[in-house]
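>>> I would like to see how this sequence folds:
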Amino acid sequence: MQYAHLLVAVAVTPESRRLLAKAIDIARPFNARISLITLASDPELYNQLAAPMMENVREVLQEETQQFLDQLISEAGYPIEKALIASGTLSEHILHICRTQGIDLVVCGNHNQTFLARAACAAKSIVHASEVDVLLVPLGA
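Here you go, the predicted structure:
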């Protein structure tokens, strides 16, 4: 199948390089566009007691995420149209981007290995909410 615009849901992990490479393999024969999306880490999840420092932590996490995306893009060897850092529910952002940006394939990874983890994984909510094709790439051992 020929796709025109792929959205790759990456995380700040080394496996995201493999995920992007898979998307590039799909996009290259058709000169399809590729955009990236990732979730910003929420510092409140790490430490409820550090409220006065949360804004600084949030800035640092945002900068680290942006640096990771910049490096991923520079190493891709294929043009990346957009790179978005979202917060909140990933599936809602993906649905909105698909509707407004003409995305026709979402590529995401799945780290979950156990049955219970797979049943509750984020990829499940993306597949359930998606109105376009979704390629779920197994990542990890």
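>>> What segments of this protein are strands?
5-9, 33-39, 82-86, 105-110, 133-138 (DSSP state E).
>>> Using CSV, write out every CA atom in the last one.
Extracted C-alpha coordinates of strand 133-138, given in CSV (Å, rounded to 0.1, in the frame of the first residue of the first chain):
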residue,chain,number,x,y,z
ASP,A,133,-3.8,2.5,9.4
VAL,A,134,-1.6,1.8,12.4
LEU,A,135,1.7,-0.2,12.2
LEU,A,136,2.6,-1.6,15.6
VAL,A,137,6.3,-2.6,15.7
PRO,A,138,7.4,-4.9,18.5
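>>> Which neighbouring elements make contact with that strand?
helix 15-27, strand 105-110, helix 122-129 (3 or more CB pairs under 8 Å, 6 or more residues apart in numbering; DSSP states H and E). In short, each C-beta sits where N, CA and C put it, glycine included.
>>> what angle sits between the first one and strand 33-39?
Translated: helix 15-27. In terms of direction (axes from the mean of the first three to the mean of the last three CA atoms, to 10 degrees), helix 15-27 departs from strand 33-39 by 160 degrees.
>>> what's the pLDDT at the residue lying closest to Glu131 once chain neighbours are set aside?
Taking CB to CB, 6 or more residues apart in numbering as the measure, Glu131 lies nearest to Cys98, with 6.3 Å between them; neighbours along the chain are not counted. If you check Cys98, the pLDDT there is 93.
>>> what about Cys98, how many neighbours?
When counting by other CB atoms under 10 Å, one arrives at 20 neighbours for Cys98.
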